[in-house]
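Engineer: Sequence and predicted structure, then a few things I'm wondering about:
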Amino acid sequence: MSQRPNPLPRLHRWRTNVVQIPLLTMITVVCGSLSLLVSFADKSGRAQHRIARVWARALVWGSGSSLTVRGAENLRKHPVAVYASNHTSYMDTPVIFAALPFQFRILAKKELWPIVFIGWYLDRSGQIPIDTANPRSTLSSLGVGVKALRSGVPLFVFPEGGRTSDGELRPFLSGAAYLAIRAQVPLVPIALSGVYDLLPIHTRHFYPCKLTLSVGKPIETAGMTPRQTDALTAQLRSAIESLLLPESTSAAETVAEPAVRA
């Protein structure tokens, strides 16, 4: 159940319009420009990823929220994996970048690429655009993702394909499971809590919350075939649903560390 007041108190709306939006816009412009510049010199992507983590943590801080990571040990069990999370808000991406302590690539909607600074970063840092409305384009993007995994680069996917409109988990697309099976790497479930209340799809005003990123145990795919994609997708959704339960204590709790590491 959402904890966000409706209507939102005037103080929160005033603070968003006068303080937070100008501040977060400035942070995005500065970090986006710096990332674009270093991309011409650093082909490994490490410097860009460090900048992305600085940007992400600055946005979480600027939103007035705190971030807690549960099950952080599950992020380090495999050097390469597909990480998949529920999608609740525009702030999901900053939360993911702030929490994951390694370099990775994301599969994101191609509509983000034309956006100034955000699109530049996505393009120059090697993120993978996906057009869910075009099956042929989607298959091509998944092929690029499989190649990235086989080359040793972890991937991150929002299997719902878009943000939830009511905070509830939506049906999952099969892309994350397909990628994990084709590359024979683990599929790691992640659940985001509090981010919907912070900035749901129908508003541009922040409501500072306690944000939680919960990481479940990796789901092994060794020996699985593409015919099992739907079954694995259902297993992934069930795992994320379990992580979203209030009583879920399946993972150890650690606060996201302040240092920025690649």
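Structural biologist: Thanks, I have it. Numbers count the residues shown, from 1 in each chain.

Engineer: Give me the phi and psi angles of Pro129.
Structural biologist: Backbone dihedrals for Pro129, given as degrees, to the nearest 10, come out at phi -80, psi 150.

Engineer: bridging residues for it?
Structural biologist: Beta-bridge partners for Pro129, by DSSP bridges, are Ala108.

Engineer: what's it in contact with, if anything?
Structural biologist: Contacts were defined as CB atoms under 8 Å, 6 or more residues apart in numbering; by that measure Pro129 touches 108-110, 112-113, 122, 141. (C-beta placed from N, C-alpha, C; glycine too.)

Engineer: and the gap between the nearest residue to Ile51 once chain neighbours are set aside and Arg182?
Structural biologist: Spatial nearest neighbour of Ile51, excluding adjacent residues (CB to CB, 6 or more residues apart in numbering): Ser35 at 4.6 Å. Counting by CB to CB, to the nearest Å, the separation of Ser35 from Arg182 is 30 Å.

Engineer: In terms of helices and strands, where is His49?
Structural biologist: Following DSSP states H and E, the helix or strand that holds His49 is helix 46-62.

Engineer: Check Asp197 too.
Structural biologist: Assessed by DSSP H and E, Asp197 sits inside helix 195-198.

Engineer: can you give me the helices for the stretch 51-200 of the chain?
Structural biologist: Applying DSSP state H, counting those that start in this stretch to the stretch 51-200 of the chain gives helices spanning 92-99, 118-124, 135-150, 175-183, 195-198.

Engineer: would you list those helices in a markdown table and tack on mean neighbour count, distance to Phe40 and mean pLDDT?
Structural biologist: Below are those laid out as a markdown table (neighbours: other CB atoms under 10 Å; distance: least, CB to CB, whole Å; pLDDT from 0 to 100):
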| stretch | mean neighbour count | distance to Phe40 | mean pLDDT |
| --- | --- | --- | --- |
| helix 92-99 | 23 | 21 | 96 |
| helix 118-124 | 17 | 8 | 73 |
| helix 135-150 | 16 | 21 | 85 |
| helix 175-183 | 25 | 29 | 96 |
| helix 195-198 | 26 | 33 | 96 |
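
Engineer: Compare these and give me the one nearest Arg50.
Structural biologist: With CB to CB as the criterion, Arg50 lies closest to helix 92-99 of the helices of the stretch 51-200 of the chain, at 10.5 Å.

Engineer: Off-centre distance for the closest one?
Structural biologist: Relative to the mean C-alpha coordinate of its chain, helix 92-99 is positioned 6 Å out (CA atoms, centre = their mean, to the nearest Å).

Engineer: for it, packing partners?
Structural biologist: Where contact means 3 or more CB pairs under 8 Å, 6 or more residues apart in numbering; DSSP states H and E, helix 92-99 is packed against helix 46-62, strand 66-70, strand 187-193, strand 210-215.

Engineer: go with 6 Å
Structural biologist: Counting by 3 or more CB pairs under 6 Å, 6 or more residues apart in numbering; DSSP states H and E, the packing neighbours recorded for helix 92-99 are helix 46-62.

Engineer: any idea of the mean pLDDT in stretch 214-229?
Structural biologist: What stretch 214-229 shows for mean pLDDT is 96.

Engineer: Need the helices of the stretch 51-200 of the chain in TSV (columns: distance to Pro159).
Structural biologist: TSV is the format used below for the helices of the stretch 51-200 of the chain (distance: least, CB to CB, whole Å):
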stretch	distance to Pro159
helix 92-99	13
helix 118-124	19
helix 135-150	12
helix 175-183	5
helix 195-198	16
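
Engineer: Tell me which of those approaches Ala58 most closely.
Structural biologist: Nearest to Ala58, of these and by CB to CB, is helix 92-99 at 8.5 Å.

Engineer: Right, I'll call it a day here.
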